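K.L.:
Requesting a structural model of the entry that follows:
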Amino acid sequence: MKCTIRDHVVLSRSPEGPIAARIVAFANSIAEQGYSVQSLRYKVRLAASFSRWLERTGIDLHSVCSDHAVRYLRYRARRVRPCPGDRSALRHLIDFLDREGLISRLRIPARRPTPVESCVQEYEEYLREARALAEATIVNYVPFIKDFLEDCFGDGRVGLSHLRAGDVVRFVQRQAARLHLKRAKLMTTALRSFLRYACYRGDITLDLAAAVPVVANWSMPSIPRAIPPEQIRQLLASIDRRTAVGRRDYAILLLLARLGLRSGEVAFLELEDIDWNTGQLCVRGKSGQHNGLPLPTDVGKAIAAYLRYGRPHSTSRRVFLRAKAPVTGFRGASGVGSIVRHALQRAGIDAPTMGAHQFRHGLASEMLRHGASLGEIGELLGHHHPQTTTIYTKVDIKALRTLAVPWPGGVR
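P.N.:
The predicted structure follows:
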């Protein structure tokens, strides 16, 4: 006897086996994540087939685990042609059953961390909890510290009290030769941070942070690559705001161009961060800082248009959601960067870069050109140190030529 689920999935017979009673709930979960009807049918039918196999194999619901899914796919491959999405569909099912508390998923015992890994984990926790550093900063620092400790102690016990200035200098000299200048500077910054942490813990008494060599570099060697105003206008005009995705992308690009937000700040913006009554936007900046910014009228209208006519139904509190299933907020800044890259490519714009940060540089350069002070620019961009803003005082050669005084007597 046929069985219909959510008006879209028709099974040749009613579900059987230990998962049968949860098939409808699983289908609802898939639909809520924004998957297409075709994908919904596929996942539900595979789940029903898996449930029948579990019953024939004598496996009860509480015992179901990922290993059973692997065994079933081997069994299924001997009878029907495997599909690329089989493994992913069953992983969704196992995750659903686990979230519902219906199974006690068998977990592989955690591997005991090495002494170096334990030390790195403690440092990582310190950066996150005590220093409240941005996740991107932590991700950048940790690999360098792991390499440094492995270089000094190998697989043995980590004795930070045995570290000497020579260990630090040798590591930096060896690594810096293989790294790009910016990466080398990041490495030395991470090392100083770790050595100050070790001193704070009392593991070392010497100020080894002072022993970290300085990577040779000219102060502010390059002019920030800023997208010019005419290219911003061209890019915004190219967005098709008749579609849901177009409304989202237009609002995101306006936030980048008009407020100079970082891509991560846009990605993690939540509905509660917008105060429509006062026209204020609360931005979650670096190191957990919250900055209040005025919400320009055109930006507010663009966000409102997306929320009313483009944003998919979701329990997520993020303002901007993925266009494809699972419909959730972006995992990180790379999602916004991808939107910028594809928008520039579709518009055929030869921008200074393909990233989102050029809008931030563009806004700062325009503000400076129209007489804004460095303090005003730094406040809008959320700079914690005035020195960060001084990079925008640099002038390119083309602009400098307009101020050049002619050589007496003409060109020689």
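K.L.:
from here on, contacts and neighbour counts on C-alpha atoms
P.N.:
Fine.
K.L.:
Tell me who's in contact with the spatially most central residue of the chain.
P.N.:
Nearest to the mean C-alpha position of the chain, by Cα atoms, centre = their mean, lies residue 332 at 1.8 Å. Under the criterion of Cα atoms under 8 Å, 6 or more residues apart in numbering, the contact list for residue 332 reads 264, 267-268.
K.L.:
Mark which of those residues are buried, thanks.
P.N.:
Members of the contacts of residue 332 that pass the buried threshold by neighbour count (16 or more other Cα atoms under 10 Å) are listed as 264, 267-268.
K.L.:
any low-confidence regions in this structure?
P.N.:
Low-confidence segments of the chain, defined by pLDDT under 70: 1-12, 105-111, 216-224, 286-288, 374-375, 377-379, 382-412.
K.L.:
where does residue 95 land in three-state SS?
P.N.:
For residue 95, the secondary-structure state derived from DSSP: H, G, I helix; E, B strand; the rest coil is helix.
K.L.:
ok, it - how many residues close by?
P.N.:
In terms of burial, residue 95 registers 16 neighbours under the definition other Cα atoms under 10 Å.
K.L.:
Check residue 371 too.
P.N.:
Residues near residue 371, counting by other Cα under 10 Å, number 8.
K.L.:
what about it, which SS state?
P.N.:
coil.
K.L.:
re the thing from before, any chance of the contacts of residue 332 in JSON lines with distance to residue 154 as columns?
P.N.:
As requested, these are exported to JSON lines (distance: Cα to Cα, whole Å):
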{"residue": "264", "distance to residue 154": "36"}
{"residue": "267", "distance to residue 154": "39"}
{"residue": "268", "distance to residue 154": "39"}
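K.L.:
can you put these in TSV and add secondary structure and distance to residue 171?
P.N.:
Rendered in TSV, the data for the contacts of residue 332 read as follows (DSSP: H, G, I helix; E, B strand; the rest coil; distance: Cα to Cα, whole Å):
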residue	secondary structure	distance to residue 171
264	helix	32
267	helix	37
268	coil	37
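K.L.:
Quick one: end-to-end length of stretch 149-157, please.
P.N.:
With Cα to Cα, to the nearest Å as the measure, the ends of stretch 149-157 fall 10 Å from one another.
K.L.:
can you map out the strands along this structure?
P.N.:
3-5, 9-11, 274-275, 280-284, 290-294 (DSSP state E).
K.L.:
just checking, what packs against the shortest one?
P.N.:
Secondary-structure packing of strand 274-275 (3 or more Cα pairs under 8 Å, 6 or more residues apart in numbering; DSSP states H and E): strand 280-284.
K.L.:
Could you list the residues in contact with the strand it packs on?
P.N.:
Residues from elsewhere that reach strand 280-284, judged by Cα under 8 Å, 6+ apart: 265, 268-269, 273-275, 290-295.
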